[in-house]
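Participant: no letters, just coordinates:
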Ligand code: TYD
Ligand code: MG
């Protein structure tokens, strides 16, 4: 009987079929049939009762539109997750009844982060529930035991010692979180309905299985069904749900990609597993900005927010040939990161271009501009560019830093002058283009003792403004000597390399 309650629908043409086919019988596309549950409401929806009622002029049944100004806009009460960086990315905390999808590759720390969130919420007096489909309750407990949460109030060095004492349960709020190790959707829904938690984590959405569908857990049909049913219940009882989802090799949220339109917020947890830094970004957020990013570090006691990221990256910067500090923007927050480049003769016919933390195509563009407009050719060389610390910089303002790092490595000369930072986008004609928030970038650089900031024209007071890539290069990589005073040279090189600043 269970079989007859589902139908396979082609995601391309919408053809319905009782059986699964590799090729759609309607449009001939491959692998497009997705199993779906037949619900009564779906059948009714086709009849469009609202339309019929209005045609019949039955005012009592008609849903009347309201002026937007008359719609009661209640202030959204958010629950603080106790983790400042996460709250900021969410737009101020978890919204009751909202559905958040947290994606990331295996081992990145999704379970650790969600455990910590529930522990904080539980301590703050909220009802929580952790549903684990991947690990047994014992495994979840083992992780929870490792988590060290800052006690409320000012941090004390004695905290770690206190934790070791027997009877320190209250200081391990992670152990107070109720856990349910279950993969059956119906059982999870029943528990959710009975417990009515204020916040719930489903780890992960790909392990849940609805018995009504025949597809394997993690298949598109199952994932969609699981999310839709959980959402229905969560919205009805005001539970904030965090769905954990895995990411495929090519970086897309496997299966959960189909959930992106359904959920209120899509968070991506990224970083390199071997490195301690993890970045949390919002790809979609109905309750806040998608520009925000939070930085964490994986430590022995769980994830720790990195609040002084700029200070760390600046202190760690090598300032050798190929090292440049970039004043980047992470959403609304300025961040100083070190961009490193290595240019080395290649033995390959097609030299390598390896980037990490940047867009590969941007490097190709910067190399072409360097060649064409600054005479720095890298055609016979391997070029490696890395944003140090596993951070990802997705903004055009990184172009100048990449160009300077490549040029500096190519010449084997470190940037000259005072410790400096830079930012700016490169145009195809070799000009340096204005990018957003120059004042915040400059302030951040000044805060961390980087007195000189190479920047595009129009970046404001305090910047060493260069109109073109060549001008920027001659300011910090003067020809002939590795230690020349960049700013002085500009006057001799004519108007093209004129620098405005200070
Ligand atoms: P996990 O949260 O299980 O990752 P995911 O759910 O995304 O697959 O944990 C990721 C890694 O973090 C794991 O390899 C062990 C490490 N870790 C620590 O270094 N310190 C800790 O306190 C914890 C809990 C985990
Ligand atoms: Mg996990």
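Facilitator: Sure, I can see it. Not measured: the values here are computed from a predicted model. Ligands and ions are numbered 1, 2, ... in the order given.

Participant: spell out which parts of the stretch 51-200 of the chain neighbour ligand 1.
Facilitator: With Cβ under 6 Å from any ligand atom as the criterion, the stretch 51-200 of the chain meets ligand 1 at residues 104, 106-112, 143, 146-147. (Glycine included, C-beta is placed from N, CA and C.)

Participant: buried ones only from the residues you listed, please, as a ChimeraX command.
Facilitator: Buried subset of those, written as a ChimeraX selection, criterion 16 or more other Cβ atoms under 10 Å:
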select :104,108,109,110,111,112,143,147
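
Participant: can you list the residues of the stretch 51-200 of the chain next to ligand 1 in CSV and add secondary structure and pLDDT?
Facilitator: Shown next, in CSV, are these (DSSP: H, G, I helix; E, B strand; the rest coil; pLDDT from 0 to 100):
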residue, secondary structure, pLDDT
104, strand, 88
106, coil, 86
107, coil, 87
108, coil, 90
109, coil, 92
110, helix, 93
111, helix, 94
112, helix, 94
143, helix, 91
146, helix, 86
147, coil, 86
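
Participant: what residues does the stretch 301-450 of the chain put near ligand 1?
Facilitator: Residues of the stretch 301-450 of the chain lying near ligand 1 (Cβ under 6 Å from any ligand atom): 301-302.

Participant: spit out the contact partners of whatever residue of the stretch 301-450 of the chain ends up closest to ligand 1.
Facilitator: In the stretch 301-450 of the chain, the residue found nearest to ligand 1 is residue 302; the distance is 4.1 Å by Cβ to the nearest ligand atom. Shown in contact with residue 302 (Cβ atoms under 8 Å, 6 or more residues apart in numbering): 112, 115-116, 146-149.

Participant: now the residues you listed as CSV including distance to residue 214?
Facilitator: Listed next are those as CSV, based on distance: Cβ to Cβ, whole Å:
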residue, distance to residue 214
112, 34
115, 33
116, 37
146, 39
147, 38
148, 44
149, 42
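
Participant: other residues contacting stretch 16-25?
Facilitator: For stretch 16-25, using Cβ under 8 Å, 6+ apart, the contacting residues are 4, 7-10, 12-13, 15, 29-33, 35.

Participant: just the buried ones from those residues?
Facilitator: For the contacts of stretch 16-25, a burial check counting by 16+ other Cβ under 10 Å picks out 7-10, 15, 32-33, 35.

Participant: any idea which of those residues is closest to ligand 1?
Facilitator: So of those, ranked by how close each gets to ligand 1 (Cβ to the nearest ligand atom), first place is residue 35, at 27.0 Å.

Participant: where does the residue most central in space within the chain sit: helix, strand or coil?
Facilitator: Taking Cα atoms, centre = their mean, the centroid of the chain lies closest to residue 281, which sits 2.2 Å from it. Of the three states, residue 281 takes strand according to DSSP: H, G, I helix; E, B strand; the rest coil.

Participant: which residues touch it?
Facilitator: If a contact means Cβ under 8 Å, 6+ apart, then residue 281 has 89, 267-268, 270, 290, 292-294 as its contacts.
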